[in-house]
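# here are the coordinates; sequence isn't available:
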């Protein structure tokens with residue numbers, strides 16, 4: 001991967017937004033932190049962010065979070081770009097953005113408000129994992145958006161058969177961390193978890 005990083009560094013100015021985010025995503029997926037490469041990719045991405053599609057934003061921020069690479073100027077620019085393209089997002093991009101910003105501990109209020117608003121409109125398209133990840137993200141960043149979390153609760157109760165141990169425990173943790181008492185949700189978690197406890 002070192003030789004790939006060196007090749008990418010030499011040709012960075014030739015890369016469009018998709019190629020930049022693909023490189024970041026590949027290194028992050030393999031959890032390879034090549035500092036010279038990530039710094040240059042971040043710099044180039046900061047300049048190109050206004051051309052980013054929502055997928056590019058989500059993939060780049062996810063990569064930064066996976067590598068625990070905190071670059072506030074980049075995060076602000078990517079958040080602004082994501083907000084400009086949020087109407088074109090798919091559920092995975094919404095919960096990936098939420099997860100990444102939460103993982104990095106970054107609160108960009110307009111971004112979180114837009115993620116909440118668009119998640120509410122599209123929650124029926126989320127899979128159980130995405131809904132649970134959204135709850136985790138809210139709890140991790142301390143974003144107690146009552147309408148969103150009420151919808152998260154209802155969605156997870158509706159799709160309870162899709163919930164595996166990870167979704168159940170993540171959701172229970174998130175609501176507890178936010179000090180939200182939701183008896184129907186916790187009853188669902190208990191009823192789904194009980195048969196799995198041996």
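Ah, there it is. Keep in mind the model is a prediction, meaning the values are calculated, not measured.

# who does the helix or strand hosting residue 95 touch, helix- and strand-wise?
In this structure, residue 95 sits in helix 91-103 according to DSSP states H and E. In this structure, helix 91-103 packs against helix 54-66, helix 72-85, helix 109-122, helix 128-141, with contacts taken as 3 or more CB pairs under 8 Å, 6 or more residues apart in numbering; DSSP states H and E. Just so you know, the C-beta spots here come from the backbone N, C-alpha and C atoms, and that holds for glycine as well.

# what residues does stretch 36-53 touch?
With contact meaning CB atoms under 8 Å, 6 or more residues apart in numbering, stretch 36-53 is reached by 5, 8-9, 12-13, 15-18, 20-21, 23-24, 27, 57, 60, 64, 67, 69, 71, 73-74, 77-78, 80-82, 84-85, 88.

# on that earlier part again, okay, the angle between the helix holding residue 95 and helix 54-66?
Taking axes from the mean of the first three to the mean of the last three CA atoms, to 10 degrees, one finds that helix 91-103 is oriented at 30 degrees with respect to helix 54-66.

# what about helix 91-103, distance to the chain center?
Offset of helix 91-103 from its chain centre (CA atoms, centre = their mean, to the nearest Å): 1 Å.

# for residue 191, give me its contacts.
Residue 191 is in contact with residue 160, counting by CB under 8 Å, 6+ apart.

# and it, what element?
Secondary structure here is read from DSSP H and E; on that basis residue 191 sits in helix 183-193.

# buried residues, that helix. List them.
Of all the residues in helix 183-193, those buried under the rule 16 or more other CB atoms under 10 Å are 185, 186, 188, 189, 192.

# now stretch 127-139
Neighbour-count burial for stretch 127-139, with 16+ other CB under 10 Å as criterion, is recorded at 128, 129, 130, 131, 132, 133, 134, 135, 136, 137, 138, 139.

# from residue 153, how far off is the nearest residue to the second one once chain neighbours are set aside?
Counting by CB to CB, 6 or more residues apart in numbering, residue 167 is the residue found nearest to residue 129 once chain neighbours are left out, at 5.9 Å. Taking CB to CB, to the nearest Å as the measure, residue 167 falls 13 Å from residue 153.

# next: residue 73.
Note on residue 73: its distance to residue 153, by CB to CB, is 36 Å.

# neighbour count winner among those two?
Set side by side, residue 73 and residue 153 give different neighbour counts by other CB atoms under 10 Å, the larger being at residue 153 (20 against 10).
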